[in-house]
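Trainee: Here is the input, now give the coordinates:
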Amino acid sequence: MRATRNNILLILILIILSNCKGLYQNDFLFDKELIRPDSSIVIAYKLYQTGIDNYRYEFYGISGNDSIKLFDAFLNDATYKTAKFHTDLRNDSVFIDCSMNIGSKTTRFNDLVVYLNQTE
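Mentor: Numbers count the residues shown, from 1 in each chain. Reported below is the predicted structural model:
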């Protein structure tokens, strides 16, 4: 009887916890293409809400049918809607400038070097 009661209590706790929004991994909001350096390559990002006022930008590159994650950037502010991106292609480099402080990152994708910076 006691073991059954403990099992029922455990099941109830798991049901309650499974309904908590904080246990979800990420809530996908949208994705957006940033730049298309040539006809076969796209640089884009996906935006996820990871908590109250916490957002994760997942930058990725698409080449043909392959999608490769380039880097993550985080914004701890609910003003993600005001974040503006400006992209520029110079030589073999893609520069992604963001109006919000989401950090600085650099990575290679195919023959390109991709830079993420905050605009001043």
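
Trainee: what about residue 115, which SS state?
Mentor: Here residue 115 is recorded as strand under DSSP: H, G, I helix; E, B strand; the rest coil.

Trainee: let me redo that: residue 101
Mentor: coil.

Trainee: pLDDT below threshold where in this protein?
Mentor: 1-3, 6, 10, 12-25, 120 (pLDDT under 70).

Trainee: Please point out which parts of stretch 57-70 sit buried.
Mentor: 57-62, 70 (16 or more other Cβ atoms under 10 Å). Every residue, glycine included, has its C-beta placed from N, CA and C.

Trainee: Show me the two of those that sit farthest apart.
Mentor: 57 and 62 (15.9 Å; Cβ to Cβ).

Trainee: how much space between residue 42 and residue 118?
Mentor: 23 Å (Cβ to Cβ, to the nearest Å).

Trainee: And the two? Which one has more around it.
Mentor: residue 42 (16 against 13; other Cβ atoms under 10 Å).

Trainee: Let me see the contact set for that one.
Mentor: Going by Cβ atoms under 8 Å, 6 or more residues apart in numbering, residue 42 touches 33, 35-36, 61-62.

Trainee: Am I right that it falls within a strand?
Mentor: Yes. Secondary structure of residue 42 (three-state DSSP): part of a strand.

Trainee: With adjacent residues omitted, what lies nearest to it?
Mentor: Counting by Cβ to Cβ, 6 or more residues apart in numbering, residue 42 lies nearest to residue 62, which is 4.3 Å off, once chain neighbours are set aside.

Trainee: got a list of what that neighbour touches?
Mentor: Taking Cβ under 8 Å, 6+ apart as the test, what residue 62 contacts is 41-44, 68.
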